[in-house]
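J.: Pasting a predicted model and its sequence here:
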Amino acid sequence: MEKNLQNPPDYRNDTVLPLPPEVTADAWAVDAGCSGNPGPMEYQGIDLQTGAQVFHFGPVKGTNNIGEFLAIVHALALCWKQGLFNKTIYSDSYNAILWVKKRKCKTKLERTPETEPLYQIIARAEAWLATHNYSNPIIKWETSAWGEIPADFGRK
């Protein structure tokens, strides 16, 4: 059962978004959108305190899982660069969270001249993960309990 929240609850003065009580506002939510599989893919990160877009990438030819993986790594790298070592990252993709923990994008996307630029970005993300020990919590966004992740592209 999806909650239809419109405004922040009265007890939440740490965010402009209608976040459930168990979600920390000092966090970024990431998500990918893909039209087709593979197809044009993009991803973004949203600040849960302000609702502002923190970053956006794409569209490029790819898959949703690749976008989810790259979104988490992008968030981690940006947090690292800005010294935000405790910023929580929310993702609704179990696969992407697992891939990041294993420091490897386990995609089955065929490597072709058309997907080669994306594979170069994947290699860069994997290299970053191999050379950085991040401390940011990466938490699974519970869509069934909390509704769509705030970074959702709204294409479903």
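T.: Received it, and whenever you're ready, just let me know what you need.

J.: where exactly do the strands run in the protein?
T.: Assigned by DSSP state E, the chain shows strands spanning 27-34, 39-47, 53-62, 88-91, 138-140.

J.: highest average neighbour count across those?
T.: Highest mean neighbour count among the strands of the chain (mean count of other C-beta atoms under 10 Å): strand 27-34, with a mean of 26. In this view, the C-beta of every residue, glycine as well, is placed from N, C-alpha and C.

J.: Now do that one and strand 39-47, the angle between them.
T.: If you take axes from the mean of the first three to the mean of the last three C-alpha atoms, to 10 degrees, strand 27-34 sits at 170 degrees to strand 39-47.

J.: that older thread, do you know which of the strands of the chain lies nearest Ala77?
T.: strand 53-62 (9.7 Å; C-beta to C-beta).

J.: Could you tell me the angle between the closest one and strand 27-34?
T.: If you take the same axes, to 10 degrees, strand 53-62 sits at 20 degrees to strand 27-34.

J.: Nearest residue to Arg111 in space, please, no chain neighbours.
T.: Distances taken as C-beta to C-beta, 6 or more residues apart in numbering place Tyr119 nearest to Arg111, at 5.6 Å, with adjacent residues excluded.

J.: can you count the residues close to the one you found?
T.: 16 (other C-beta atoms under 10 Å).

J.: In this structure, where is pLDDT below threshold?
T.: Scanning the chain for pLDDT under 70 picks out 1-13, 155-156.

J.: Now do the helices in it.
T.: In the chain, the helices defined using DSSP state H lie at 64-82, 94-102, 116-131, 143-146.

J.: buried set for the shortest one?
T.: With burial defined by 16 or more other C-beta atoms under 10 Å, the residues of helix 143-146 counted as buried are Trp146.

J.: With respect to Leu70, which of the strands of the chain lies nearest?
T.: strand 39-47 (6.0 Å).

J.: Paired strands for that closest one, with orientation please.
T.: Under the criterion DSSP bridges, strand 39-47 sits next to strand 27-34 (antiparallel), strand 53-62 (antiparallel) in its sheet.

J.: Spatially nearest residue to the spatially most central residue of the chain, not counting backbone neighbours?
T.: The centroid of the chain falls nearest to Val30 when counting by C-alpha atoms, centre = their mean (2.4 Å). In this structure, Val30 finds its nearest non-sequential neighbour in Ala71, 3.7 Å apart by C-beta to C-beta, 6+ apart.

J.: That neighbour: neighbour count?
T.: 30.
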